[in-house]
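A.B. asks: no sequence for this one, just the structure:
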Ligand SMILES: Cc1ncc(COP(=O)(O)O)c(C=O)c1O
């Protein structure tokens with residue numbers, strides 16, 4: 001019987017693309033296990049940024065001269081790459097933002113302020129990053145809409161059995177959740193939630209900050225209405241990302257930021273708005289950053305999203321196995337089948353910041369804190385956790401270093 005092999009990547013080979021790994025920390029090799037907060041940058045992206053600034057830089061959509069045309073080509077070419085990357089139906093539906101946070105704020109303000117009111121409900125989840133929680137909480141309060149939170153099971157997964165009770169409490173207009181949780185790595189059932197949201201006349205808003213860098217995204221298959229992500233978590237530059245929305249919804253929405261570039265005609269009496277996507281891109285765009293995002297898309301697509309996902313799954317399985325052997329270690333989150341390469345844990349009796357500091361002495365970088373998920377920390381009954389997260393350049397021996405470091409933590413602080 002023919003067996004289809006899962007695509008593979010070679011992290012050692014890929015690591016050579018990342019100049020940052022050429023250094024040591026405290027005389028030890030750098031084990032960067034914090035890619036969920038931001039990912040390191042390969043030479044291909046750094047070179048694309050440099051080449052763009054050196055050869056093609058100008059403002060976009062402004063001049064009729066050569067450089068402006070080249071810059072516009074680069075910027076609009078990046079938009080088309082984003083469209084392909086998330087399989088959006090139309091390039092005009094892709095809006096460049098400063099990142100996921102701005103994309104989600106854009107939807108909450110520009111859609112929420114005109115479409116929500118008393119009797120309506122906004123549904124988020126206990127698993128949300130503050131970026132997909134606070135804007136909705138705020139806009140719900142501003143419009144008089146109710147704000148509800150879908151609870152988690154003890155295993156760290158969304159408890160879908162709570163949905164119908166929430167629908168009985170009002171008219172659900174928004175369902176907003178992440179595709180992958182930045183704290184627990186939980187992969188959420190977006191297709192099911194989209195179908196449920198649409199049955200109830202709600203829009204489905206997806207925070208893909210932790211998904212886009214690590215797995216193939218298809219907005220049409222997910223069935224969502226909006227999806228946002230950031231470049232810096234997928235090998236791209238900071239301060240750029242994109243939000244995709246259904247053309248009809250974006251057309252009907254008011255603008256989010258006002259000023260240059262987003263207008264059609266300005267008079268003393270009245271201003272009318274430009275076409276999509278420009279209506280949502282006020283001011284000078286993150287031009288080089290968008291080109292860098294395009295280069296990051298080329299890079300991860302060359303490596304292969306399926307291969308990245310498979311690699312991280314292997315690392316996750318190995319790490320969970322090794323960590324569960326450690327005495328006094330509390331692991332949070334679902335089983336590997338429904339989880340991405342993110343592990344939250346606590347060492348009993350030792351504050352996460354102290355754990356992370358001892359690990360840093362060993363050259364192992366992990367995160368300690370609430371991960372911008374305070375409602376989730378409340379649910380777990382902790383103020384903070386440690387978090388290790390993986391990417392395409394993570395090596396299995398870095399997990400061994402993490403485990404050795406945790407033994408040392410126990411020795412020093414336990
Ligand atoms: C799930 C999730 N959503 C949103 C964000 C916010 O992303 P950014 O800070 O790039 O806007 C993050 C960043 O950590 C995240 O992990």
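C.D. replies: Everything's here; your move. Note that this is a predicted model, so its numbers are computed, not measured. Residues are numbered from 1 along each chain as shown.

A.B. asks: Residue 391: what's its closest spatial neighbour, skipping adjacent residues?
C.D. replies: Leaving aside its sequence neighbours, residue 391 sits nearest to residue 35 (Cβ to Cβ, 6 or more residues apart in numbering; 3.8 Å). For glycine as for every other residue, the C-beta is placed from the backbone atoms N, C-alpha and C.

A.B. asks: hang on, that neighbour packs against residue 398?
C.D. replies: No - using Cβ atoms under 8 Å, residue 35 makes no contact with residue 398, being 11.0 Å away.

A.B. asks: quick one, which of these two is more surrounded?
C.D. replies: residue 35 (26 against 23; other Cβ atoms under 10 Å).

A.B. asks: so what's the more buried one scoring on pLDDT?
C.D. replies: In this prediction, residue 35 carries a pLDDT score of 98.

A.B. asks: before we move on, what about residue 64?
C.D. replies: 86.

A.B. asks: Check residue 137 too.
C.D. replies: Taking residue 137 on its own, its pLDDT is 98.

A.B. asks: same thing with residue 56?
C.D. replies: So, for residue 56, pLDDT stands at 97.

A.B. asks: how much space between the residue nearest to residue 391 and residue 125?
C.D. replies: 23 Å (Cβ to Cβ, to the nearest Å).

A.B. asks: Same question for residue 378.
C.D. replies: From residue 378 to residue 125 the distance is 13 Å (Cβ to Cβ).

A.B. asks: ok, these two, which is more surrounded?
C.D. replies: Between residue 378 and residue 125, counted using other Cβ under 10 Å, residue 125 has the larger neighbour count: 25 against 12.

A.B. asks: just the residues of the stretch 51-200 of the chain that are near the ligand, which are they?
C.D. replies: Proximity of the stretch 51-200 of the chain to the ligand, by Cβ under 6 Å from any ligand atom, involves residues 99-101, 129, 131-132, 178, 182.

A.B. asks: Which members of the residues you listed occur in strands, if any?
C.D. replies: Cross-referencing these against strands under DSSP state E gives residue 178.

A.B. asks: Can you pull the phi/psi pair for whatever residue of the stretch 301-414 of the chain ends up closest to the ligand?
C.D. replies: Distance from the ligand to each residue of the stretch 301-414 of the chain (Cβ to the nearest ligand atom) is smallest for residue 372, at 6.1 Å. Main-chain torsions, residue 372, degrees, to the nearest 10: phi 60, psi 40.

A.B. asks: In space, what's closest to it - neighbours in sequence excluded?
C.D. replies: Residue 372 sits nearest to residue 130 (Cβ to Cβ, 6+ apart), 4.4 Å away.

A.B. asks: That neighbour: neighbour count?
C.D. replies: Residue 130: 15 neighbours (other Cβ under 10 Å).

A.B. asks: now swap in residue 77 and tell me
C.D. replies: There are 12 residues near residue 77, going by other Cβ under 10 Å.

A.B. asks: Leaving out chain neighbours, which residue sits closest to residue 175?
C.D. replies: residue 197 (4.1 Å).

A.B. asks: what helix or strand does the one you found sit in?
C.D. replies: helix 190-199 (DSSP states H and E).

A.B. asks: And that helix, what does it pack against?
C.D. replies: Judged by 3 or more Cβ pairs under 8 Å, 6 or more residues apart in numbering; DSSP states H and E, the packing partners of helix 190-199 are strand 171-178, strand 203-207, helix 219-222.
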